[in-house]
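A.B. asks: Generate coordinates for the sequence data below:
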Amino acid sequence: MSSSLEKLKALNNRLEEKLEKREVDSLFKFKTESADNNVLLENGAENIALSSDEIRKNNIVRVKILYKKLDIFEKSPDFSQIFIYKAMNLSGIGLKEEDFGQVREGKYIQVIAITYEPDKNGKKRAKNISLGYFGKAETLDETLKNEIIEFVLRWRYEKAFQNLEHYKELIEKVNVPTT
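C.D. replies: Residues are numbered from 1 along each chain as shown. Got it, this is the predicted structure:
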């Protein structure tokens, strides 16, 4: 009985991976950016313009795929809650321009979420939370490394959209006199 269940689970996982790959392949064939902040996608011989809302939706789809693939859900089971963190960073992989994608030998690879919580005196202190541990830098598979980097960057991209939304709402509240 358990071997049949295991076979079904394995088949289900393979089907999910194929569906995710198809979805990603169709969503992320970016060709060029147009002047009106739309992105043109290649769709055979025809180009399709995407608005920033559509780009954001596609980004969320990919973040969710990576969230599952990288097992981030094990430490943060509710996907909608991963955006409550103030920031997200990587330990053991460079994200700055000068060392982008370079692993730091002797270091451990982790996805780190940053939140602020009050200490015993009520003062807010930064708290690091590991959302994913991926072992020593030297043993990290290149594909996995790229997916980890992509997850963090796409998370930051969505967080930037959320911050823009917040400021847009605040600006709409301001009563600006017309001249």
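A.B. asks: what comes up buried for the helix or strand containing residue 171?
C.D. replies: Per DSSP states H and E: residue 171 is located in helix 142-173. Going by neighbour count (16 or more other C-beta atoms under 10 Å), the buried part of helix 142-173 is 145, 147, 148, 149, 151, 152, 154, 155, 158, 159, 161. C-beta here means a position set from N, CA and C on the backbone, and glycine is covered the same way.
A.B. asks: Based on its surroundings, how many neighbours for the closest residue to the last one other than its chain neighbours?
C.D. replies: Just to be clear, that refers to residue 161. Spatial nearest neighbour of residue 161, chain neighbours left out: residue 56 (5.1 Å); criterion: C-beta to C-beta, 6 or more residues apart in numbering. Look at residue 56: counted by other C-beta atoms under 10 Å, it has 18 neighbours.
A.B. asks: Tell me which residues touch residue 64, please.
C.D. replies: Contacts for residue 64 (C-beta atoms under 8 Å, 6 or more residues apart in numbering) come out as residue 79.
A.B. asks: which stretches of this structure have low pLDDT?
C.D. replies: Within the chain, the segments meeting pLDDT under 70 span 1-5, 7-49, 176-177, 179.
A.B. asks: how about a cut-off of 90?
C.D. replies: The model of the chain has pLDDT under 90 over residues 1-57, 80, 99, 101-102, 105-106, 116-126, 137-138, 161-179.
A.B. asks: Sheet-wise, list the partners of the longest strand belonging to it with their directions.
C.D. replies: Counting residues, the longest strand found in the chain (DSSP state E) is strand 124-136. Strand 124-136 has the following strand partners under DSSP bridges: strand 108-118 (antiparallel).
A.B. asks: Can you give the contact residues for the strand it pairs with?
C.D. replies: So strand 108-118 is in contact with 70, 72, 76, 82, 84-93, 103, 124-137, 140, 145, 148, 151-152, going by C-beta under 8 Å, 6+ apart.
A.B. asks: Can you show me the CA trace of the longest strand of the chain as PDB?
C.D. replies: Output of strand 124-136 as PDB, limited to C-alpha atoms (Å, rounded to 0.1, in the frame of the first residue of the first chain):
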ATOM      1  CA  LYS A 124      12.800  47.600  18.200                       C
ATOM      2  CA  ARG A 125      15.700  45.300  17.300                       C
ATOM      3  CA  ALA A 126      16.400  43.600  14.100                       C
ATOM      4  CA  LYS A 127      15.900  39.800  14.200                       C
ATOM      5  CA  ASN A 128      17.300  37.400  11.500                       C
ATOM      6  CA  ILE A 129      15.200  34.400  10.700                       C
ATOM      7  CA  SER A 130      16.600  31.600   8.500                       C
ATOM      8  CA  LEU A 131      14.000  30.600   5.900                       C
ATOM      9  CA  GLY A 132      16.200  28.100   4.100                       C
ATOM     10  CA  TYR A 133      19.500  26.400   4.700                       C
ATOM     11  CA  PHE A 134      21.300  25.000   1.700                       C
ATOM     12  CA  GLY A 135      24.700  23.700   3.100                       C
ATOM     13  CA  LYS A 136      28.300  24.700   2.500                       C
END
